[in-house]
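K.L.:
sharing a sequence plus its predicted fold:
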Amino acid sequence: MLDPRLFILNAEMGFNPGSMIIQFVMFIILLALITKFAWRPLMNVMQEREEHVANEIDTAEKNRQEAERLMNEAQDELQGTRQNAQKIIEDAKETAKSEQQTMIAEAKDEAQRIKDNARQEIEQEKERAVQALQEQVGTLSVQIASKVIEKELTVDEQQKLINEYLEQVGEDK
Amino acid sequence: MDHGSPTIENVFGIGWLDFNLSNIIMTFVASLIVFIIAVIGSRNLQRKPTGFQNFMEWIVDFVKGMISSTMDWKTGRRFLPLGLTLLMYIFIANILGIMFMVVYDGELWWKSPTADPGVTLTLAVMVVALTHYYGVRLKGTKGYIKEFFSPIPILFPLKIIEEFANTLTLGMRLYGNIYAGEVLLTLLVGFMATGAMETVAGVVPALLWQGFKLFISGIQAFIFVMLTMVYMSHKVSEDH
């Protein structure tokens, strides 16, 4: 069974206005001190961290956008460079082709020229040879003729022949 | 519990001015412990928290959550230090009586200060007074008075009663829980002191009750702060 004095105690525990006032003042002092020395710095640090994190997120986002922009730029640049390179290669090919054709044409011309020259020379040589041959034939025939004539021609006949030639010469004139 | 309080009566010859020395000492001890914990916890603050700072920040976030659940954070942020101090003060005050109680010369010196109705009602009156103060300050005198006549004017008497009921229940709830806990704990310990057999039989219930009282201490501190914020939001919120 409960001690009956327990219930008497309740009556004893009345209100003590003095201690209530002191407790109230003490709580207000505690509130002021603790706020100044503990909660304020703590809240400031938390606030600062919050801002820091927000800033970091913003910065990261900015950096990402910047990186994306730069990447796009680089891509564009690369594309342009590639096109340029393609163009240069094509140009080079074109140039090489035209050069080749020019060279071939020149070589052909040269060959033609050389051939023509050679042909001309051959022709000239041939003509000269024919001429030389003709002369030689003439001389030879005269020698042969003179040899033949020396054997059978008499003085009279010779005289007669000379005259004939002389006449002819005169007629030709 | 057959012991009284160390009371000094009629100080300076004023009839009603009584001092309960136990209450004064215990509230001072509770305040000191709360102050020391808070200052140690917020010493050497870093942006990247470690150890004790984590714990303190957890408490701050906890109270922040309580405030945010009852009112707009923009109006509620000014009550954060109050809520934090109340929570820690009441919790420490509650558990002061769990560890031990000191009775000297038939008078109870060391106990939970919150096991005294005077202490808890002082806190409750302070909280309710603060709600009225902030009600006037944030909504203006006109808005503050209008609140008593809304939604319909006939509720005005009820609203007045509600203020006193709030104060009483806020203080008495805390007092009743802690005082009942201490009564049962004292009875258990008294029972254990009567003999060896009783000591063995009483160990487990005493331990269980101490654990439960610790839980009650936390819950009551939480409820007190939560109700403080609810009453506050009734007075300062634009719509509710």
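P.N.:
Received, thanks.
K.L.:
contacts and neighbour counts: CA atoms only from here.
P.N.:
Fine.
K.L.:
any stretches of chain A with poor pLDDT?
P.N.:
A:1-14, A:150-151, A:153, A:172-173 (pLDDT under 70).
K.L.:
what do you get if the cut-off is 90, keeping everything else the same?
P.N.:
By pLDDT under 90, the low-scoring segments of chain A are A:1-26, A:34-50, A:133-173.
K.L.:
and it, which residues reach chain B?
P.N.:
Residues of chain A lying close to chain B (CA under 8 Å from any CA of the partner chain) are A:5-6, A:9, A:12-20, A:22-24, A:26-27, A:30-31, A:33-35, A:37-39, A:41-43, A:45-46, A:48-49.
K.L.:
same thing but at 7 Å, please
P.N.:
A:5-6, A:9, A:12, A:15-20, A:22-24, A:30-31, A:34-35, A:37-39, A:42, A:45, A:49 (CA under 7 Å from any CA of the partner chain).
K.L.:
if any of the residues you listed are buried, give me the ChimeraX selection for them.
P.N.:
In ChimeraX syntax, the buried subset of the residues of chain A next to chain B is picked out as below (16 or more other CA atoms under 10 Å in any protein chain shown):
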select /A:15,16,17,18,19,20,22,23,24,30,31,34,35,37,38,39,42,45,49
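K.L.:
return the distance of the helix or strand hosting B:Thr122 from the chain's centre.
P.N.:
Following DSSP states H and E, one finds B:Thr122 within helix B:117-146. Distance, stretch centre to chain centre, for helix B:117-146: 16 Å (CA atoms, centre = their mean, to the nearest Å).
K.L.:
and A:Asp109, how far from A:Lys97?
P.N.:
18 Å (CA to CA, to the nearest Å).
K.L.:
for chain A, what are the nearby residues on chain B?
P.N.:
By the rule CA under 7 Å from any CA, the part of chain B lying against chain A is B:1-2, B:4, B:17-20, B:23-24, B:27, B:31, B:35, B:38-39, B:42, B:47, B:81-82, B:85, B:118-119, B:122.
K.L.:
mind redoing it with 6 Å?
P.N.:
Contact residues, chain B versus chain A (CA under 6 Å from any CA of the partner chain): B:17-20, B:24, B:35, B:38-39, B:42, B:47, B:118.
K.L.:
sort out for me which of the residues you listed are in helices.
P.N.:
Cross-referencing these against helices under DSSP state H gives B:24, B:35, B:38-39, B:118.
K.L.:
can you tell me which two in these are farthest apart?
P.N.:
B:Val39 and B:Gly118 (27.9 Å; CA to CA).
K.L.:
more neighbours: which of these two?
P.N.:
B:Gly118 (25 against 20; other CA atoms under 10 Å in any protein chain shown).
K.L.:
isn't the more buried one right next to A:Pro17, touching?
P.N.:
No: under the criterion of CA atoms under 6 Å, B:Gly118 is not in contact with A:Pro17, lying 7.9 Å apart.
K.L.:
list the contacts of the residue nearest the centre of chain B.
P.N.:
Among the residues of chain B, the one closest to the centroid is B:Ile90, at 3.8 Å (CA atoms, centre = their mean). Taking CA atoms under 6 Å, 6 or more residues apart in numbering or on different chains as the contact definition, B:Ile90 lies against B:Ala221.
K.L.:
about what we covered before: include pLDDT when you put the residues of chain B next to chain A into JSON lines, please.
P.N.:
Listed next are these as JSON lines, based on pLDDT from 0 to 100:
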{"residue": "B:Leu17", "pLDDT": "69"}
{"residue": "B:Asp18", "pLDDT": "72"}
{"residue": "B:Phe19", "pLDDT": "77"}
{"residue": "B:Asn20", "pLDDT": "78"}
{"residue": "B:Ile24", "pLDDT": "84"}
{"residue": "B:Phe35", "pLDDT": "91"}
{"residue": "B:Ala38", "pLDDT": "87"}
{"residue": "B:Val39", "pLDDT": "87"}
{"residue": "B:Ser42", "pLDDT": "80"}
{"residue": "B:Arg47", "pLDDT": "75"}
{"residue": "B:Gly118", "pLDDT": "85"}
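K.L.:
got a PyMOL select line for the buried ones in these?
P.N.:
The PyMOL selection below is limited to those of the residues of chain B next to chain A classed as buried (16+ other CA under 10 Å):
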select buried, chain B and resi 17+18+19+20+24+35+38+39+42+118
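K.L.:
what about B:Thr186, distance to B:Ser237?
P.N.:
Counting by CA to CA - B:Thr186 and B:Ser237 are separated by 44 Å.
K.L.:
what does B:Gly83 give?
P.N.:
17 Å.
K.L.:
any idea how far the residue nearest the centre of chain A lies from A:Asp76?
P.N.:
With distances taken as CA atoms, centre = their mean, A:Ala85 lies nearest the centre of chain A, 3.3 Å away. Computed as CA to CA, the A:Ala85 to A:Asp76 distance reads 14 Å.
K.L.:
same check on A:Glu99?
P.N.:
34 Å.
K.L.:
where exactly do the helices run in chain B?
P.N.:
Using DSSP H, helices in chain B cover B:21-41, B:52-70, B:73-76, B:80-99, B:117-146, B:156-192, B:196-236.
K.L.:
list the buried ones in the shortest one?
P.N.:
The reference is to helix B:73-76. B:Gly76.
K.L.:
same deal with the first one?
P.N.:
Using 16+ other CA under 10 Å as the test for burial, helix B:21-41 gives B:21-31, B:33-35, B:37-39, B:41.
K.L.:
and that helix with helix B:80-99, angle?
P.N.:
120 degrees (axes from the mean of the first three to the mean of the last three CA atoms, to 10 degrees).
K.L.:
point out where chain B drops to low pLDDT.
P.N.:
B:1-30, B:37-57, B:70-78, B:95-119, B:121, B:137-157, B:159, B:178-207, B:209-210, B:233-240.
K.L.:
mind running it again at 80?
P.N.:
Applying pLDDT under 80 to chain B flags the ranges B:1-20, B:44-49, B:99-109, B:150-151, B:237-240.
K.L.:
which ones are touching B:Met26?
P.N.:
Counted by CA under 6 Å, 6+ apart, B:Met26 has contacts B:Pro113.
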